[in-house]
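the amino acid sequence is not available; the structure is as follows:
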């Protein structure tokens, strides 16, 4: 196994608080020329889109305009002059995102781009749009701070969101505490991420979050297990899963015994949601391999959200190591891109 790449992934995780610290120092003054939009679309794919999901859920309780996330070549039909399109591509070369950018430009939307460079940054600069440049040299899934914070801080500077800077400050403090507990130098049983990874080995992870509060964190867990541990994983959210997925825990018994359910908990979960979680886990506990609960830390939405994400990120890398797999390469994605480029 390539130890350098494993160590690099761990270094990326350890340095996540530093990404937020850097983003707080970026210059967002150029956004003053943008008018208040009637709707906002955040467009991107994979690791570049997760920031949009965080913003969408963060904005649920405070934004006065709708915010949607687009993961496609095509922009929705309502895109127009009253739309603000946040185009996010870490590499700046994602073909679906470049297509969406061109459509947004033709539709006359206001556009802000977040990228480390590439074609997107060049096109946007030439077209006169604001480009927020983030540091290059990471893999997109390890750049979540750079791909989320500039979008949220840009919207704060435009008056769409409030209190983002303060929430990011708390998030930095929470993550700095957590990384000392989760880094490779901390063994079992003290290291929660290591313990969860051991429980997930040879199991099928199913991650459950709650609508708005931790749904994007559950998606992040799934994607990180996919990319880092090269293993299948699935996610769903309360209360929706109580109306369909919960019924699917009867057969086949042999497969159910291989399922490990991870429940993401937050102090912000309502009493009714907590009751649903208790009843649901009681229904399935005899049939599945195990049920693992992970509880958020901090006071603000962002601190709680990223505390859940941080444990999941570390867990996914430790799970890769449990399998003897290098977490860094994503050979199948590279192959797919090469075939599409032919």
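Alright, I've got the coordinates. From a predicted model like this one, the values you see are computed outputs, not experimental measurements.

and the spatially most central residue of the chain, what does it touch?
Nearest to the centroid of the C-alpha atoms of the chain, with distances taken as CA atoms, centre = their mean, sits residue 50, at 3.7 Å. Shown in contact with residue 50 (CB atoms under 8 Å, 6 or more residues apart in numbering): 144, 147-148, 216, 219-220, 223. Where you see a C-beta, it was placed from the backbone N, CA and C, and this is true even at glycine.

list the buried residues for stretch 113-124?
113-121, 123-124 (16 or more other CB atoms under 10 Å).

my error: substitute stretch 99-107 in the last question.
100-101, 103-105, 107.

please apply the same query to stretch 188-203.
Those would be 191-197, 199-200, 203, for stretch 188-203 by 16+ other CB under 10 Å.

about what we covered before: I'd like the contacts of residue 50 as a markdown table, with neighbour count appended.
Formatted as a markdown table, the contacts of residue 50 follow (neighbours: other CB atoms under 10 Å):
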| residue | neighbour count |
| --- | --- |
| 144 | 26 |
| 147 | 30 |
| 148 | 30 |
| 216 | 26 |
| 219 | 20 |
| 220 | 29 |
| 223 | 19 |
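
which of the residues you listed fall in helices?
Applying DSSP state H to the contacts of residue 50, the entries found in helices are 144, 147-148, 216, 219-220, 223.

my guess is residue 52 contacts residue 86. True?
Yes: counting by CB atoms under 8 Å, residue 52 touches residue 86, with 7.2 Å between them.

shared neighbours of the two, anything?
42-43, 151.

mind putting the contacts of residue 50 into a markdown table with distance to residue 260?
Below are the contacts of residue 50 laid out as a markdown table (distance: CB to CB, whole Å):
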| residue | distance to residue 260 |
| --- | --- |
| 144 | 24 |
| 147 | 28 |
| 148 | 27 |
| 216 | 21 |
| 219 | 17 |
| 220 | 17 |
| 223 | 17 |
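
tell me the one among the residues you listed nearest to residue 165.
The nearest member of the contacts of residue 50 to residue 165, counting by CB to CB, is residue 148 at 13.4 Å.

ok, how many other residues are close to residue 270?
By the measure other CB atoms under 10 Å, the count of residues near residue 270 is 12.

what mean pLDDT does the one helix or strand residue 120 maps to get?
Secondary structure assignment for residue 120, by DSSP states H and E: helix 118-127. What helix 118-127 shows for mean pLDDT is 98.

the following helix or strand past that helix pairs with which strands?
Per DSSP H and E, the first helix or strand lying C-terminal to helix 118-127 is strand 130-133. Paired neighbours of strand 130-133 in the sheet (DSSP bridges): strand 110-115 (parallel).

the strand it pairs with versus helix 118-127: what angle between them?
Angle, strand 110-115 to helix 118-127, by axes from the mean of the first three to the mean of the last three CA atoms, to 10 degrees: 140 degrees.

got the contact list for strand 110-115?
31, 34-35, 37, 51, 81, 83-92, 101, 104-105, 120-121, 124, 127, 129-134, 146-147, 150-151, 154.

out of the residues you listed, which are buried?
The buried subset of those - by 16+ other CB under 10 Å - is 31, 34, 37, 51, 83-92, 101, 104-105, 120-121, 124, 129-134, 146-147, 150-151, 154.

quick check: the gap between residue 269 and residue 214.
Distance, residue 269 to residue 214, by CB to CB, to the nearest Å: 8 Å.

neighbours of residue 337, how many?
Other residues close to residue 337 by other CB under 10 Å number 13.

surely it is in a strand?
No: Residue 337 is assigned helix when assessed by DSSP: H, G, I helix; E, B strand; the rest coil, not a strand.

list the contacts of it.
Taking CB under 8 Å, 6+ apart as the definition, residue 337 has no contacts.

likewise residue 246?
Residue 246 makes contact with 280, 283-284 under the criterion CB under 8 Å, 6+ apart.

please redo it, this time with the cut-off set to 6 Å
Residue 246 sits next to residue 280 when contact means CB atoms under 6 Å, 6 or more residues apart in numbering.

can you pull the phi/psi pair for it?
phi -60, psi -30 (degrees, to the nearest 10).

give me the pLDDT for it.
97.

now do the strands in the stretch 201-342 of the chain.
204-210, 234-238, 259-265, 290-295 (DSSP state E, counting those that start in this stretch).

what's the most buried one of the ones you listed?
Comparing these by mean neighbour count (mean count of other CB atoms under 10 Å), strand 204-210 ranks first with a mean of 25.

neighbouring contacts of that strand?
Outside strand 204-210, the residues touching it (CB under 6 Å, 6+ apart) are 215, 217-218, 221-222, 225, 233-238, 258-264, 269, 273.

now the longest helix along the chain against strand 204-210, angle please.
In terms of residue count, the longest helix belonging to the chain (DSSP H) is helix 301-322. Counting by the same axes, to 10 degrees, helix 301-322 lies at 180 degrees to strand 204-210.
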